[in-house]
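K.L.:
fold the following and give me the result.
(chains A and B)
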Amino acid sequence: TQLLEQSPQFLSIQEGENLTVYCNSSSVFSSLQWYRQEPGEGPVLLVTVVTGGEVKKLKRLTFQFGDARKDSSLHITAAQPGDTGLYLCAGGDYKLSFGAGTTVTVRA
Amino acid sequence: DVKVTQSSRYLVKRTGEKVFLECVQDMDHENMFWYRQDPGLGLRLIYFSYDVKMKEKGDIPEGYSVSREKKERFSLILESASTNQTSMYLCASSFGTAYEAFFGQGTRLTVV
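P.N.:
Now for the predicted structure:
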């Protein structure tokens, strides 16, 4: 089983601040995905990173895939209350496994 | 609009009952997954299927079985429900592992 560890588990910040969420593994992944989940809903895909060293931007969200394809990060610039949610990384060549997630709370 | 539909949002069952959770997708996806989600543990894979009648154990298959008789439908079966199976159950489908997984809204199962 390819394990994914996410940190921190919880993050609470003020609107306008920046935040970074990490996803780490001892295994190499051919790709990693980031999902966001809101209460009462299933996770929804934000981005897939495929190439080592790749950086993808989605408005105020920046995703990076480590050079060795063992880790990834999600950076949110000028966070807004609408960014509140559970952020999950996922990957796997054979079966799709998820990290435990980071619960992000952005206070107005 | 793509859709993964789970048969129930909320379910309450008694210990020892046989429980069926149904999932249907309308995207002609090959892969389907069943996860359970518990606070602090994230999504843990119970079973997945990459084709009709094909199934593979995930990380926590004990106490569960699955059935995929048709491409669009993937059922999770709790043979004899126990209180430690109280959880949120999420079904997902995708074209392949590296492709986006689409999730249902989840079934919150309580076993009393």
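
K.L.:
neighbouring contacts of stretch B:55-66?
P.N.:
Contacts made with stretch B:55-66 from outside it, assessed by CB atoms under 8 Å, 6 or more residues apart in numbering or on different chains, are listed as A:1, A:95, A:97, B:33-36, B:44-50, B:68, B:74-80, B:82, B:85. No exception for glycine: its C-beta is placed from N, CA and C like everyone else's.

K.L.:
need the CA coordinates for it. CSV is fine.
P.N.:
Backbone C-alpha positions of stretch B:55-66 (Å, rounded to 0.1, in the frame of the first residue of the first chain) are rendered in CSV as follows:
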residue,chain,number,x,y,z
LYS,B,55,-13.1,-6.9,-7.7
GLU,B,56,-10.0,-6.3,-5.7
LYS,B,57,-9.6,-5.9,-1.9
GLY,B,58,-8.6,-2.4,-0.7
ASP,B,59,-6.9,-1.6,2.6
ILE,B,60,-9.8,-2.6,5.0
PRO,B,61,-11.9,-5.3,3.3
GLU,B,62,-12.7,-7.3,6.5
GLY,B,63,-16.4,-7.5,7.2
TYR,B,64,-17.4,-6.3,3.7
SER,B,65,-18.0,-7.8,0.3
VAL,B,66,-18.9,-6.3,-3.1
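
K.L.:
of the contacts of stretch B:55-66, which belong to helices?
P.N.:
Among the contacts of stretch B:55-66, DSSP state H puts none in helices.

K.L.:
so which helix or strand takes in the closest residue to chain B within chain A?
P.N.:
Proximity of chain A to chain B (CB to the nearest CB) peaks at residue A:42, 2.8 Å away. Assessed by DSSP states H and E, residue A:42 sits outside every helix and strand.

K.L.:
who's residue 103 bridged to?
P.N.:
Using chain A. On DSSP bridges, the residues paired with residue A:103 through beta bridges are residue A:10, residue A:86.

K.L.:
please go with chain B instead
P.N.:
The residues paired with residue B:103 through beta bridges, assigned by DSSP bridges, are residue B:92.

K.L.:
how much space between it and residue A:39?
P.N.:
In this view, residue B:103 and residue A:39 are 14 Å apart by CB to CB, to the nearest Å.

K.L.:
more neighbours, the two?
P.N.:
Neighbours per residue, other CB atoms under 10 Å in any protein chain shown: of residue B:103 and residue A:39, the larger number sits with residue B:103, 24 against 7.

K.L.:
so which residues make contact with the lowest-mean-pLDDT helix or strand in chain A?
P.N.:
Counting by mean pLDDT, DSSP states H and E, the weakest-scoring helix or strand in chain A turns out to be strand A:97-98, with a mean of 90. The list of residues contacting strand A:97-98 from outside it, by CB under 8 Å, 6+ apart, reads A:1-4, A:35, A:88-91, B:35, B:42-45, B:59.

K.L.:
could you check how many residues crowd around the nearest residue to residue A:89 once chain neighbours are set aside?
P.N.:
Distances taken as CB to CB, 6 or more residues apart in numbering or on different chains place residue A:23 nearest to residue A:89, at 3.5 Å, with adjacent residues excluded. The burial count assigned to residue A:23 is 29, neighbours taken as other CB under 10 Å.
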